[in-house]
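J.: generate coordinates for the sequence data below:
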Amino acid sequence: MNKEYIRRSANLLKELVSLKSFSGEEKVRSDFLCSYLSERGVETERSGNNIIARQPHHNMAKQTLMLNSHIDSVRPAATYTFDPFNPPLSDTHIFGLGSNDAGASVVCLLQTFLHFYESELPFNLMLVLSCEEENSGPNGMTRLAKELPDIDFALIGEPTGMQAAIAERGLLVIDGIASGVSGHAARDEGVNALYIALEDIQTMRSIKFDKISPTMGEVKLTVTQISAGTQHNVVPDKCTFVVDIRPTDQYTNPEILQLLRVNVKSKLSARNLTNKSSATPSDHLLIKAIGQLGVKTYVSPTTSDWMRISCPAIKMGPGESARSHQADEFVLVSELESGIAGYIRFIEEMTKIIK
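T.: I've put the predicted structure just below:
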């Protein structure tokens, strides 16, 4: 491993974490990264705050591998013990908001792209640094997916400890409203909306999703919130509840919503139907490449920009998912080293498979 790559990545990440880049507010960081690439002879395209870079010999006759990670971050937790945009310096750690999720993947993919920039590969490399991933906004990968139809497969950079997620569960959040009739609790009047909600919750818990995913298993449904009533002696005429569902590749989100609706009395509304699950076929060349490298695979419980694209992908990057969105976020310099080395090995292995 070229130590210069590590030094460049560490220095770049230190600069990135000093630039605020909340979802929808990524312009400063996007401008900085475009300038960084331009100074190294790389032409970039902008789509809003998204950045696209292609190799100079990009050939439309070849397949294209997208190297993607996101440049936005969540807002800092209130429990940070230091300024998240002016973190303490360390020889072994890089602290700061978004350092782990997903700044480490951004800088490692960027250095990997520069490493192969002039190389004639049997496929094109396209670097895509997207925005609005953390809030599932319309101007990030949702927008790019319509503008970049020539992507054949993708490597999504997220903190996975450089293990490869070959599938990720989707997310379907449903708001339920049970309606009843208010009355005096002492006289057994009214229709208790809370009881209706509880019956519906029990019904949903008992529903069996017959189609089992070979990689993800069963659909997971959990009721996470419930609220009803105004005071102790009034039968509630309204009860609201929230259902968290983690779909698999065997069902679309609209299919799950409809299946639940026909079995309950409560009104069910989905917050978003686009957070789909994703899975790459076991015989795909991406899976073959990571298998040849001996990379450990798993099914990710969290979503990413993978759910916005339609092509096969894997999710892999330096850092650990457990650190994401926590106070005093950090990534290890040694993780940057393993990230760049792992990405380079992966692309080299892909060149052996695609001739």
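J.: beta partners of His241?
T.: Quick fix: residue 241 reads Phe, not His. Gly176, Ile226 (DSSP bridges).
J.: helices of the stretch 51-200 of the chain, start to end?
T.: 104-116, 141-147, 193-206 (DSSP state H, counting those that start in this stretch).
J.: give me the sheet partners of whichever helix or strand Val331 is part of and which way each runs.
T.: Here Val331 sits within strand 330-332, counting by DSSP states H and E. Partner strands for strand 330-332, per DSSP bridges, with pairing direction: strand 93-95 (antiparallel).
J.: which one is His57 nearest to, not counting chain neighbours?
T.: Nearest residue to His57 in three dimensions, chain neighbours excluded: Glu120, at 6.4 Å (C-beta to C-beta, 6 or more residues apart in numbering). C-betas here are computed from N, CA, C, even on glycine.
J.: torsion angles phi and psi at Val299?
T.: Main-chain dihedrals, Val299, degrees, to the nearest 10: phi -100, psi 120.
J.: which ones are touching the residue lying closest to it once chain neighbours are set aside?
T.: Counting by C-beta to C-beta, 6+ apart, Val299 lies nearest to Ala167, which is 4.7 Å off, once chain neighbours are set aside. Contact analysis of Ala167 by C-beta atoms under 8 Å, 6 or more residues apart in numbering lists Ser213, Thr215, Met216, Asp249, Ser277, Ser278, Ala279, Thr280, Val299, Ser300.
J.: mind putting the residues you listed into a markdown table with neighbour count?
T.: What follows is those, written out as a markdown table (neighbours: other C-beta atoms under 10 Å):
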| residue | neighbour count |
| --- | --- |
| Ser213 | 19 |
| Thr215 | 18 |
| Met216 | 23 |
| Asp249 | 19 |
| Ser277 | 27 |
| Ser278 | 26 |
| Ala279 | 21 |
| Thr280 | 24 |
| Val299 | 16 |
| Ser300 | 22 |
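J.: in helices, which of those fall?
T.: The helices, defined by DSSP state H, take in nothing from the contacts of Ala167.
J.: next step: those restricted to strands.
T.: Per DSSP state E, strands hold the following members of the contacts of Ala167: Ser278, Ala279, Val299, Ser300.
J.: in JSON lines: those, plus distance to Asp101 and pLDDT.
T.: Formatted as JSON lines, the ones in strands among the contacts of Ala167 follow (distance: C-beta to C-beta, whole Å; pLDDT from 0 to 100):
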{"residue": "Ser278", "distance to Asp101": "18", "pLDDT": "91"}
{"residue": "Ala279", "distance to Asp101": "22", "pLDDT": "90"}
{"residue": "Val299", "distance to Asp101": "19", "pLDDT": "92"}
{"residue": "Ser300", "distance to Asp101": "13", "pLDDT": "92"}
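J.: ok, back up a step: how about TSV for the contacts of Ala167, with distance to Ile174 added?
T.: As requested, those are exported to TSV (distance: C-beta to C-beta, whole Å):
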residue	distance to Ile174
Ser213	20
Thr215	24
Met216	19
Asp249	19
Ser277	16
Ser278	20
Ala279	22
Thr280	27
Val299	22
Ser300	22
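J.: which of these lies closest to Leu97?
T.: Ser300 (22.2 Å; C-beta to C-beta).
J.: any idea how far that closest one is from Ile314?
T.: To Ile314, Ser300 is 10 Å away according to C-beta to C-beta, to the nearest Å.
J.: for Gly98, same thing?
T.: Relative to Ile314, Gly98 is positioned 22 Å away (C-beta to C-beta).
J.: check contacts around the spatially most central residue of the chain.
T.: Residue closest to the mean C-alpha point of the chain, counted by C-alpha atoms, centre = their mean, is Ser304 at 1.5 Å. If a contact means C-beta under 8 Å, 6+ apart, then Ser304 has Glu133, Ile156, Glu158, Glu168, Lys315 as its contacts.
J.: mind telling me the two of the residues you listed farthest from one another?
T.: The widest separation within these (C-beta to C-beta) is 13.1 Å, between Glu133 and Glu168.
J.: contact partners for Met141?
T.: For Met141, the contact set (C-beta under 8 Å, 6+ apart) comprises Asn50, Asn68, His70, Ser130, Glu132, Glu133, Asp305, Arg308, Ile309.
J.: residues touching the fourth one, list them.
T.: By that I understand Ser130. By C-beta under 8 Å, 6+ apart, the neighbours of Ser130 are Asn50, Asn68, Ser69, His70, Ile71, Gly140, Met141, Leu144, Asp305.
J.: just checking, the last one touches Ser136?
T.: No - between Asp305 and Ser136 no contact is recorded; they are 9.3 Å apart, counting by C-beta atoms under 8 Å.
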